[in-house]
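Asker: generate coordinates for the sequence data below:
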Amino acid sequence: MAIRVLVVDDSAFMRRVIGEAVTSQADMELAGVAINGLDALLKVEQLQPDVVTLDVEMPEMDGLTALRHLMARYPRPVVMLSSLTQEGAVTTLRALSIGAVDFVPKPSGSISLDFHKVREDLLHKIRVAAGARIQAHATPSRPVAPTPGAARAEMLRRLHPDGSPSQGRSVNGSGAFDRLVIIGSSTGGPRALGTVVPALPRDGHTAYLIVQHMPAGFTRSLADRLDSTSALAVHEAAEGDRLSADLALVAPGDHHLRLTSAGVVELDEGPRVHGVRPSVDVTLESVAQHYAKRSVVAVLTGMGQDGAAGAARVHELGAYVLAEDESTCVVWGMPRAVVERDAADKVVPLDAMAQAITAAITRGAHAHA
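Answerer: Model prediction:
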């Protein structure tokens, strides 16, 4: 059965080119078009599309407002069209937290000028979205307060001990940590991370790495959003950053992240792995070389199999591996691949993931269930 798509955009040109892209696919059909958010809500109710593509900036009712109403009244998969500006990145993260499955960044701030550059990406994400599980956002079982302003300011001072963001920065000056947690995610990941990361405690012993499939320009907003809601300090990683207890580093979009034996971050723009950059597998390769026995790996929702080979490798070397349960995944691809490799020590739903990570840290990353 063809995927029925509703295209929502205030630009007649964009409605036409996206509609033509959809109708050119044998497995898709254009259910209809809408000119703004209000029109979209009416068309969704009338046409019952399988997937909605939704622009953010529209008159009468913008995309974010329409998305909130859509998720409350007629929940279904939504793919956002987002600008590459900093403001656009912040808005995109809000959309993903509300319930959008994924997004396509507009090249050069105007998708109408270079639509061919994002056409295949959009069609791919429509297909992924059509199979996504749409559900209410789980909330952390044990919410934690963000670090108080004074303490966070001290963390930032130590993070930049010489005023430079790229000279081995760490929140405690030494980069000392006893345990390492690596969290990998893709489609549905920003929303999942918004549940897990704020529920992780500061313990003075554990460092964190987050590898979320995202293009350049969006991971800083993701890190800032997590930082504002978490007890951990969360920052987009930079070359030369050093792992440190109670610090979570987010792999920057379009860069692979590796670790040295000294816990220092190395970034590169090498070939994509599984079609993505950053890749969870690339990060886990370096973890396997230096930190496997004191590591916990959590693979969350996502399309494909990135992270499965790396999880299997570090698991063999003594890491404790968790995979998100199918029941809470937006897309059960990456966790499924880990399970099928028999590399998961435990499979847990999203709302129990932070507790499972904390328990694994407490008993030691080397202790398998």
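
Asker: drop to CA atoms for contacts and neighbour counts, all remaining ones
Answerer: Will do.

Asker: show me where the stretch 201-350 of the chain has helices.
Answerer: For the stretch 201-350 of the chain, applying DSSP state H, counting those that start in this stretch gives helices covering 219-229, 280-290, 308-316, 334-340.

Asker: redo those as CSV? Include mean neighbour count.
Answerer: CSV is the format used below for the helices of the stretch 201-350 of the chain (neighbours: other CA atoms under 10 Å):
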stretch, mean neighbour count
helix 219-229, 21
helix 280-290, 22
helix 308-316, 23
helix 334-340, 24
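
Asker: any idea how far residue 213 lies from residue 78?
Answerer: Going from residue 213 to residue 78 by CA to CA, to the nearest Å gives 18 Å.

Asker: one more: residue 185?
Answerer: Using CA to CA, residue 185 is found at 18 Å from residue 78.

Asker: now stretch 95-108, how far from the centre of its chain.
Answerer: Centre-to-centre, stretch 95-108 and its host chain are 11 Å apart (CA atoms, centre = their mean, to the nearest Å).

Asker: actually stretch 323-340, not the one I typed
Answerer: With CA atoms, centre = their mean, you get 14 Å for stretch 323-340.

Asker: ends of that stretch, what's the gap?
Answerer: 11 Å.

Asker: where exactly do the strands run in the chain?
Answerer: With strands called from DSSP state E, the chain shows them at 3-8, 28-34, 51-55, 78-82, 102-105, 179-185, 206-212, 233-236, 247-250, 256-259, 265-268, 295-299, 320-324, 346-348.

Asker: run through the neighbouring helices and strands of the fourth one.
Answerer: Using 3 or more CA pairs under 8 Å, 6 or more residues apart in numbering; DSSP states H and E as the contact criterion, the secondary-structure elements in contact with strand 78-82 are strand 51-55, helix 86-98, strand 102-105, helix 115-130.

Asker: adjacent strands (with direction) for it?
Answerer: Strands adjacent to strand 78-82 in the sheet, as given by DSSP bridges, are strand 51-55 (parallel), strand 102-105 (parallel).

Asker: of those, flag the one that's most buried.
Answerer: Most buried of those by mean neighbour count (mean count of other CA atoms under 10 Å) is strand 51-55; its value is a mean of 27.

Asker: now that strand and strand 3-8, what's the angle there?
Answerer: Inter-element angle recorded for strand 51-55 and strand 3-8: 20 degrees (by axes from the mean of the first three to the mean of the last three CA atoms, to 10 degrees).

Asker: measure how strand 51-55 sits relative to helix 115-130, angle-wise.
Answerer: Using the same axes, to 10 degrees: strand 51-55 against helix 115-130 is 140 degrees.

Asker: residue 290: what's it in contact with?
Answerer: 260, 261 (CA atoms under 8 Å, 6 or more residues apart in numbering).

Asker: roughly how far apart are it and residue 318?
Answerer: From residue 290 to residue 318 the distance is 12 Å (CA to CA).

Asker: just residue 188 next, same as before
Answerer: For residue 188, the distance to residue 318 (CA to CA) stands at 28 Å.

Asker: circling back to that earlier point, in a markdown table: the strands of the chain, plus mean pLDDT.
Answerer: Shown next, in a markdown table, are the strands of the chain (pLDDT from 0 to 100):
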| stretch | mean pLDDT |
| --- | --- |
| strand 3-8 | 97 |
| strand 28-34 | 97 |
| strand 51-55 | 95 |
| strand 78-82 | 92 |
| strand 102-105 | 90 |
| strand 179-185 | 98 |
| strand 206-212 | 98 |
| strand 233-236 | 97 |
| strand 247-250 | 98 |
| strand 256-259 | 98 |
| strand 265-268 | 97 |
| strand 295-299 | 98 |
| strand 320-324 | 98 |
| strand 346-348 | 98 |
